[in-house]
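Undergrad: how would this look folded up:
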Amino acid sequence: MRQEVVKDFQASVWIRFKSGDQEAFAILYNQHVDQLYSYGTKLCKDTEAVKDALQELFLELFLKREKIKLDPENLRFYLLVALKHNLIKRLQADRNLVHKFNETVDFEPEYSIEFQIMETEKDAEINRRVVKALNQLPAKQKEAIYLRFNEALEYSEIAGILEITVESVRKQVHRALKTVREIIGKESDSFLFALFVKRT
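TA: Below you'll find the predicted structure:
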């Protein structure tokens, strides 16, 4: 029931936004800007460039709102893709950003690996080991894991962002989890499963 209410609210906000309602635009902005900024700073170390890219992204979203044809439930995916392309475009235009851009080089996520309660010191230690293991992954695997578990995106959506096939995304995620499991030890499987429960 709650999901239906949320879906109806999103649809209502989207309709209002498409008609030019600035309050609806502000709602959409506030719903997405923090996650987008977080993702952008994993791709580009220059926070000012990320902020500029975000401003341009939301400006384009508002100006082109009548031409955008998508389901409001897919808006976050659309914005993530647009932000990444925007940053790449900025990179191509400004060579000073080359050394600050992490795409395929050094994707540095802060994973939403959260336990409501760390019951034992062992849990805390395993958590530290998991984070350390994640940081050893190749950039593409880091980004795939981040988008899958932090952003709760579907494999098809991640494929669109990374510009690879769905099967490749599945392999990236599988390899990443396998590597982490090997590093932290199989005795931590239940803990790892709890950390990587897909958020909705």
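Undergrad: got the domain boundaries for the protein?
TA: Here the domain parsing of the chain from automatic domain parsing is 2-100, 121-195.
Undergrad: Most tightly packed of those domains?
TA: domain 121-195 (a mean of 17; mean count of other CB atoms under 10 Å). For every residue, glycine as well, the C-beta is placed using N, CA and C.
Undergrad: pLDDT on that domain, on average?
TA: If you average the pLDDT over domain 121-195, you get 79.
Undergrad: chain center to that domain, what's the gap?
TA: 13 Å (CA atoms, centre = their mean, to the nearest Å).
Undergrad: Can you spell out which helices and strands pack onto the helix or strand where Ser38 lies?
TA: Assigned by DSSP states H and E, Ser38 belongs to helix 22-43. If you count contacts as 3 or more CB pairs under 8 Å, 6 or more residues apart in numbering; DSSP states H and E, helix 22-43 packs onto helix 2-18, helix 47-63, helix 75-93.
Undergrad: Dump those to CSV, plus distance to Glu151 and mean pLDDT.
TA: CSV is the format used below for these (distance: least, CB to CB, whole Å; pLDDT from 0 to 100):
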stretch, distance to Glu151, mean pLDDT
helix 2-18, 16, 84
helix 47-63, 16, 92
helix 75-93, 7, 86
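Undergrad: Okay, the nearest residue to Thr41 once chain neighbours are set aside and Phe58: tell me how far apart.
TA: Take Thr41 and drop its neighbours on the chain: the residue closest to it by CB to CB, 6 or more residues apart in numbering is Val50, 5.5 Å away. Between Val50 and Phe58 the computed distance is 13 Å (CB to CB, to the nearest Å).
Undergrad: Please apply the same query to Gln172.
TA: Gln172 is 30 Å from Phe58, by CB to CB.
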